[in-house]
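Peer 1: Predicted model and sequence below, questions to follow.
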Amino acid sequence: MAIDIQRDRRIGMTCDSADSQYISARGYCLADCGISELMESNLADLGLGKGWSKNPLHEITMSEVSALLRLEYWFAFGGLTGSYSYPMGILVTGGAGFIGGHTLRQLQKEYPNTQIRCLDNLSTGYRNNIPNGIELIEGDVCDFRILSGLINDSLDGVIHLAADSRVLPSLQSPNLAKKSLESNLNGTLNVLTAILETGKRIPFVYAGSSTAYGDHKAPQGEDLLPRVQSPYSAGKLAGEMMIRSYVITFGLWATTLRYFQVYGPGQPSEGSYALVTGIFLSQAKEGAALTIEGDGSQSRDFVHVFDVARANVSALKIDGKGEPINIGTGKSHTVKNLADMLSPNQVFLPPRKIDLPATQSTTRRAKELLSWESTITLEDGMTELLNMK
Ligand code: NAD
């Protein structure tokens with residue numbers, strides 16, 4: 001038996017047995033083989049932390065590599081025989097959406113041999129956002145039956161993006177606010193319950209939002225007390241709170257990523273789900289005047305969706321304690337500045353009823369916990385989008 005450091009840096013062991021099936025060096029897999037306790041104590045003897053053996057997507061360190069090489073000896077002489085297989089699987093809710101499609105692509109890149117599935121009700125998402133090779137299960141996260149069928153102990157991670165995903169619709173009427181809250185609260189609660197019912201620790205990543213900071217002065221760090229300003233924001237934050245309480249109460253492994261203003265290929269450009277970057281781009285391409293709401297002095301931390309997709313996948317690899325992590329660039333641009341990058345043809349409209357003055361992420365926690373930072377500047381990202389057909 002040889003230890004094989006997989007291309008995706010997940011540690012696995014390949015058996016030299018006839019069918020050479022892949023097994024992963026984890027408590028779970030070994031529990032399937034009936035030697036979990038022996039395995040845990042061996043891992044500890046070898047200097048591997050307890051948590052390590054349970055998170056399949058954990059990024060490996062050099063000291064763990066050396067511990068695993070010693071573990072190889074144990075396997076060679078410990079007499080583990082036969083062949084074992086362990087199906088890897090990741091579920092993305094809301095995978096047909098803007099961020100979801102890019103997250104699925106990033107997962108395929110990092111985990112080419114993993115079964116990746118997507119649950120989406122296609123309310124704002126599109127089939128063609130889903131790359132080939134990924135199964136779409138058309139359904140609603142508010143339907144617990146569907147979720148509990150999909151989330152079982154063969155899963156190794158869940159990224160939960162499905163939501164009524166924008167502030168604006170939630171401001172339009174009490175009924176739309178109720179719809180947003182019901183969908184976001186019940187959906188998240190269902191996913192959490194289904195994960196916990198498996199009895200297995202499945203890394204869970206939640207799409208939080210920088211709207212939690214409300215009108216706090218920029219830059220906004222994770223330790224600020226939230227100041228929600230919209231029903232959408234209240235729903236997103238309530239999801240975070242549920243997660244945190246489940247981490248403490250039930251030992252859930254979860255990470256909340258508070259995305260700032262996400263933009264990039266496939267962003268919505270019309271209707272109440274449109275993003276300012278998408279609206280300006282389509283206006284600029286049509287030769288129409290860019291419509292700036294208010295005086296354009298409101299500023300945003302615009303983060304590219306490729307970077308966000310990387311953050312989502314990185315967050316699966318840590319043993320999350322439910323703390324929020326900002327996903328932003330650390331830089332803020334005014335809406336006027338964004339418009340100036342695209343066209344001098346601009347008109348000013350009345351301001352929105354509720355429009356946050358400024359968002360700007362702090363970046364320390366993402367670097368420390370996820371080893372993540374943004375790589376694409378707004379200027380480069382927008383120029384590329386402008387040149388795209
Ligand atoms: P999106 O609307 O493009 O994607 C959401 C996806 O979820 C869509 O495919 C939609 O069909 C699906 N969906 C909605 N409700 C569902 C339900 N009840 N059951 C199953 N599927 C459902 O939005 P996005 O920009 O990709 O956002 C993804 C996540 O990130 C959302 O949770 C959103 O709140 C959060 N977020 C986005 C931004 C941003 O700037 N885009 C910022 C902060 C947070």
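Peer 2: Done, it's in.

Peer 1: Let me know how buried residue 138 is, in neighbour terms.
Peer 2: Neighbour count for residue 138, taken as other CB atoms under 10 Å: 12. To be clear about C-beta, it is placed using only N, CA and C from the backbone, and glycine gets the same treatment.

Peer 1: For the ligand, see how far away the nearest residue to it once chain neighbours are set aside is.
Peer 2: Leaving aside its sequence neighbours, residue 138 sits nearest to residue 122 (CB to CB, 6 or more residues apart in numbering; 6.3 Å). Counting by CB to the nearest ligand atom, to the nearest Å, the gap from residue 122 to the ligand is 5 Å.

Peer 1: and residue 122, which of the three is it?
Peer 2: coil (DSSP: H, G, I helix; E, B strand; the rest coil).

Peer 1: you'd agree it is up against residue 137?
Peer 2: No: at 11.0 Å, residue 122 does not count as touching residue 137 under the criterion of CB atoms under 8 Å.

Peer 1: which neighbours do the two share?
Peer 2: Listed as contacting both residue 122 and residue 137 by CB atoms under 8 Å, 6 or more residues apart in numbering is no residue at all.

Peer 1: returning to that earlier point: tell me the predicted confidence for the residue nearest to residue 138.
Peer 2: Looking at residue 122, its pLDDT is 97.

Peer 1: Close to the ligand: what parts of the stretch 251-389 of the chain are there?
Peer 2: Contact residues (CB under 6 Å from any ligand atom) of the stretch 251-389 of the chain with the ligand: 259, 261, 262, 273.

Peer 1: Could you do the stretch 101-250 of the chain as well?
Peer 2: 119-125, 140-142, 161-165, 183, 187, 207, 209.

Peer 1: Tell me which of those residues fall in strands.
Peer 2: Applying DSSP state E to these, the entries found in strands are 119, 120, 207, 209.

Peer 1: what sits against the first one?
Peer 2: To tie it back to what came earlier, the one meant is residue 119. When contacts are counted by CB under 8 Å, 6+ apart, residue 119 touches 91-95, 136-137, 139, 141, 146-147, 150, 162.

Peer 1: Go again with 7 Å.
Peer 2: Taking CB atoms under 7 Å, 6 or more residues apart in numbering, we find residue 119 in contact with 91, 93, 137, 139, 141, 146, 150, 162.

Peer 1: do the same with the second one
Peer 2: Contact partners of residue 120, counting by CB under 7 Å, 6+ apart, are 94, 95, 96, 136, 138, 162.

Peer 1: In ChimeraX, select just the buried ones from those.
Peer 2: To isolate the buried ones among the contacts of residue 120 in ChimeraX, judged by 16 or more other CB atoms under 10 Å, type:
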select :94,95,96,136,162
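
Peer 1: ok, back up a step: out of the residues of the stretch 251-389 of the chain next to the ligand, list just those in strands.
Peer 2: 259, 261, 262.

Peer 1: partners of the first one in the sheet?
Peer 2: Residue 259 forms beta bridges with residue 209, residue 327, as assigned by DSSP bridges.
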